[in-house]
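Novice: this one's sequence-less:
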């Protein structure tokens, strides 16, 4: 693996908030009640991303709008769940939303990665997310998921080491790889993998069970500290 001196860490949090600017709220008139749920944002994700950014002195890029309106983690080619919801397709604001939030956000991250690569560094991009404990009546059986592309060996090695380091600190955590989603599913890191080679860019998505920030706050603090300490050990 790349030496620490040659490695740069950047952080992103695509579903950081459930905020919707007043001028766009009418577009979500039929689903405003979903803003406080996992459909509106990823509870706890921004808190942990900020902790990592502070302790690692790493840049953090965080979304400023609810995923219900603009999903920063979906590609433009995703027809099933496009980045701007279908209810906006016939409005003049679709392009406005894409330019103001989606394209601007992705460009900033891409430029940051390019800057580090021009300095000869390898970029470790940690995209921080959280997942609902129960989806469609099915209970998710993990506390933390480490998502990566199995075909990119450096990503696999990084996640294996991080997972092992966390388990060594507390083996009670339920830690799974490429769960509750596949590491190659449509998302920001997948798009960036298509642009940057594996030896220059590691795209890792971290998924944390929302039961901790929402209900088990003492355990949430412990989990954050142990995730941070284990990450530092790997880096």
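Specialist: Structure received. Quick caveat, the model's predicted, so the values are computed rather than measured.

Novice: any low-confidence regions in the protein?
Specialist: 1-5, 79-80, 85-92 (pLDDT under 70).

Novice: which residues of it fall in strands?
Specialist: Counting by DSSP state E, the chain has these strands, from start to end: 7-13, 60-62, 122-131, 134-135, 138-139, 144-147, 175-177, 201-209.

Novice: to residue 20, which of these lies closest?
Specialist: Nearest of these to residue 20, taken as Cβ to Cβ: strand 60-62 at 15.6 Å. C-beta coordinates here come from the backbone N, C-alpha and C atoms, glycine included.

Novice: got a markdown table for the strands of the chain, with distance to residue 153 too?
Specialist: Below are the strands of the chain laid out as a markdown table (distance: least, Cβ to Cβ, whole Å):
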| stretch | distance to residue 153 |
| --- | --- |
| strand 7-13 | 16 |
| strand 60-62 | 26 |
| strand 122-131 | 13 |
| strand 134-135 | 30 |
| strand 138-139 | 31 |
| strand 144-147 | 15 |
| strand 175-177 | 14 |
| strand 201-209 | 10 |
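
Novice: Serialize these to JSON lines and add fields for mean neighbour count and distance to residue 188.
Specialist: Shown next, in JSON lines, are the strands of the chain (neighbours: other Cβ atoms under 10 Å; distance: least, Cβ to Cβ, whole Å):
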{"stretch": "strand 7-13", "mean neighbour count": "22", "distance to residue 188": "7"}
{"stretch": "strand 60-62", "mean neighbour count": "20", "distance to residue 188": "10"}
{"stretch": "strand 122-131", "mean neighbour count": "24", "distance to residue 188": "6"}
{"stretch": "strand 134-135", "mean neighbour count": "12", "distance to residue 188": "21"}
{"stretch": "strand 138-139", "mean neighbour count": "8", "distance to residue 188": "25"}
{"stretch": "strand 144-147", "mean neighbour count": "24", "distance to residue 188": "12"}
{"stretch": "strand 175-177", "mean neighbour count": "16", "distance to residue 188": "19"}
{"stretch": "strand 201-209", "mean neighbour count": "24", "distance to residue 188": "8"}
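
Novice: select, out of those strands, the one closest to residue 53.
Specialist: Judging the strands of the chain by Cβ to Cβ, what sits closest to residue 53 is strand 60-62, at 3.8 Å.

Novice: touching that closest one from outside, list them.
Specialist: 10-13, 16-17, 46, 49-50, 52-53, 105, 108-109, 112 (Cβ atoms under 8 Å, 6 or more residues apart in numbering).

Novice: need the buried ones from those residues selected in PyMOL.
Specialist: Command for PyMOL that selects the buried part of those, burial taken from 16 or more other Cβ atoms under 10 Å:
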select buried, resi 10+11+12+13+16+17+46+49+50+52+53+105+109+112
